[in-house]
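Colleague: Let me see the structure of the following:
(chains A and B)
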Number of protein chains: 2
Amino acid sequence: MSTDNTEQSHQGATNVTYVPHQVSAEERKARMKQKGGVLWLTGLSASGKSTLAIELERQLHEAGHFAYVLDGDNLRHGLNSDLGFSAADREENIRRVGEVAALMAEIGLIVISAFISPYRSDREKARQAARGQFREVWVQASLETCESRDPKGLYKRARAGEITDFTGISAPYEEPEQADLIVRTDNMSVADSAKVLFDYALKHFSIPA
Amino acid sequence: MSTDNTEQSHQGATNVTYVPHQVSAEERKARMKQKGGVLWLTGLSASGKSTLAIELERQLHEAGHFAYVLDGDNLRHGLNSDLGFSAADREENIRRVGEVAALMAEIGLIVISAFISPYRSDREKARQAARGQFREVWVQASLETCESRDPKGLYKRARAGEITDFTGISAPYEEPEQADLIVRTDNMSVADSAKVLFDYALKHFSIPA
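Modeller: Numbering: from 1, shown residues only, chains lettered A, B, ... in the order given. Below you'll find the predicted structure:
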């Protein structure tokens, strides 16, 4: 039996052996009383992703679940602090979010990610990383609606050319073709939208007592 | 109130505002019935880090806690799959481990990391990332002991020059100067070493009922 398992083992080694975890995914689920999973919120800037994510996190917590929001706040300041905003860095940003979300879902957490993630290929990579635990949620509002909200004046600045490559204005948003859930925030209140998400999360990630 | 919070908000924005989480660290702790934290195991190859980490994870699970081992297995294949083994990539590997561990500790998990992490500066960065939740554990065994174990024949190959930059042989191991705990695996059995770690984890991360 091997007694160590480190990054160095890989170096030049042709037969890498790992010490397997002794706590199974099933045991983790039982302990957390829920199935882990990733709710991947995608949509335009100002479509309501973060507001919904934070509200859902709160509601799931109150219902006794373990949920966590991954967003620019907790990742751009830490794990992804080395990344800028070039196309390559944005892609890498989303790749890492997908990998971290997958890892946390494997542990049994309900992960709610809130990133524009405008490219199908990036979202598809995140889906692959989390295997069967991934649910794509399209937080949908028309560009007109999002632009009229414009809480930070970003659309205005994008229209003025002060921000380049702005999704929906000067960069594409590739609409989901296989969203597992669509939440129309231009037709629904935050409370109603959150209710839809909450019910969906319970249906897919809770374990009936 | 802002309604969105995405990576795009940063772009060219001078005043980045975030939607704060509505579940506090205190509430998470109460729900998990434990304080989150990082047990950072550092030591030579074959010192016993992974064996101890896996054993500790199992014991904490059985005691009703939420613990998770971060090691080469779950990171090199996912989050860090883009990294090689150059000095810069090794440093980045450990940086990301530290950031992910910090994030998971913030959620309330007891994270056990098992990496050689031979450089003080890298370990110090991980400590900073996890703020007060970090505990450095030196899994200590003499080079002679580790080399005599050599479960994968890596030391032998390093001595033969087939593996370069091998910690302890052809690359330095910077011994911890401020380890929070030292576990001497050359003097103790796996069971006894695990017991020391388990007691330490309970003392620092459990919340008395």
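
Colleague: buried set for the helix ranked longest in chain A?
Modeller: Of all the elements of type helix in chain A, the one with the most residues (DSSP state H) is helix A:87-107. Taking 16 or more other C-beta atoms under 10 Å in any protein chain shown as the neighbour-count basis, helix A:87-107 is seen to contain the buried residues A:90-107. (Each C-beta comes from the backbone N, C-alpha and C, glycine too.)

Colleague: and these near chain B, which?
Modeller: Under the cut-off given by C-beta under 8 Å from any C-beta of the partner chain, chain B has A:90, A:92-93, A:95-96, A:99-100, A:102-104, A:106-107 from these close to it.

Colleague: just the residues you listed now: which is nearest chain B?
Modeller: In terms of C-beta to the nearest C-beta, no member of those lies closer to chain B than residue A:99, at 4.0 Å.

Colleague: What are the boundaries of the helices in chain A?
Modeller: According to DSSP H, the helices that chain A contains are A:7-10, A:25-32, A:49-62, A:72-76, A:87-107, A:120-129, A:143-149, A:154-159, A:190-205.

Colleague: Tell me how many other residues crowd residue A:112.
Modeller: When neighbours are defined as other C-beta atoms under 10 Å in any protein chain shown, residue A:112 has 28 of them.

Colleague: I meant residue A:189, not that one.
Modeller: Applying the criterion other C-beta under 10 Å, we find 9 residues in the vicinity of residue A:189.

Colleague: For the longest helix of chain A, what does the pLDDT average out to?
Modeller: Mean pLDDT, computed over helix A:87-107, is 95.

Colleague: what packs against it?
Modeller: Using 3 or more C-beta pairs under 8 Å, 6 or more residues apart in numbering or on different chains; DSSP states H and E as the contact criterion, the secondary-structure elements in contact with helix A:87-107 are helix A:25-32, strand A:37-42, strand A:67-70, helix A:72-76, strand A:110-114, helix A:120-129, helix B:87-107.

Colleague: Residue A:56 is nearest to which of the ones you listed?
Modeller: strand A:110-114 (5.7 Å; C-beta to C-beta).

Colleague: What pairs with the closest one, parallel or antiparallel?
Modeller: Each strand pairing with strand A:110-114, determined using DSSP bridges, is listed with its direction: strand A:37-42 (parallel), strand A:67-70 (parallel).

Colleague: and those strands, which is most packed in?
Modeller: The highest mean neighbour count among those, using mean count of other C-beta atoms under 10 Å in any protein chain shown, belongs to strand A:37-42: a mean of 28.

Colleague: Just the CA atoms of that strand, as CSV, please.
Modeller: Included here for strand A:37-42 are C-alpha records, laid out as CSV according to Å, rounded to 0.1, in the frame of the first residue of the first chain:
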residue,chain,number,x,y,z
GLY,A,37,-25.2,19.9,-7.1
VAL,A,38,-24.4,22.9,-9.2
LEU,A,39,-27.1,25.5,-10.1
TRP,A,40,-25.3,27.4,-12.9
LEU,A,41,-27.0,30.7,-13.3
THR,A,42,-26.2,32.3,-16.7
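
Colleague: Can you tell me the closest non-neighbouring residue to residue A:39?
Modeller: Counting by C-beta to C-beta, 6 or more residues apart in numbering or on different chains, residue A:39 lies nearest to residue A:112, which is 4.8 Å off, once chain neighbours are set aside.

Colleague: picking that back up, list just the nearest of the ones next to chain B among the buried residues of helix A:87-107 to residue A:154.
Modeller: For these, the closest approach to residue A:154 (C-beta to C-beta) belongs to residue A:90, at 15.6 Å.

Colleague: measure the closest one to residue B:124 for me?
Modeller: As defined by C-beta to C-beta, to the nearest Å, residue A:90 lies at a distance of 30 Å from residue B:124.

Colleague: Might you list the low-confidence residue ranges for chain A?
Modeller: Where chain A drops to pLDDT under 70, the residues are A:1-19, A:209.

Colleague: show me what contacts residue A:150?
Modeller: The contact partners of residue A:150, taken as C-beta atoms under 8 Å, 6 or more residues apart in numbering or on different chains, are A:46, A:156.

Colleague: Name the nearest residue to residue A:202, sequence neighbours excluded.
Modeller: Among residues not flanking residue A:202 along the chain, residue A:63 sits closest, at 7.3 Å (C-beta to C-beta, 6+ apart).

Colleague: Ok, residue A:139 next?
Modeller: residue A:43 (3.6 Å).

Colleague: how many other residues sit next to the one you found?
Modeller: Using other C-beta under 10 Å, residue A:43 has 31 neighbouring residues.

Colleague: Next: the one 10 residues further on.
Modeller: The tally of other residues near residue A:53 (other C-beta under 10 Å) stands at 29.

Colleague: Provide the partner residues of the nearest residue to it once chain neighbours are set aside in its beta bridges.
Modeller: Residue nearest to residue A:53 in three dimensions, not counting chain neighbours: residue A:114, with 4.1 Å by C-beta to C-beta, 6+ apart. Using DSSP bridges, the beta-bridge partners of residue A:114 come out as residue A:41.

Colleague: before we move on, the earlier item: which of the strands paired with strand A:110-114 sits closest to residue A:180?
Modeller: Counting by C-beta to C-beta, residue A:180 lies closest to strand A:37-42 out of those; the figure is 8.8 Å.
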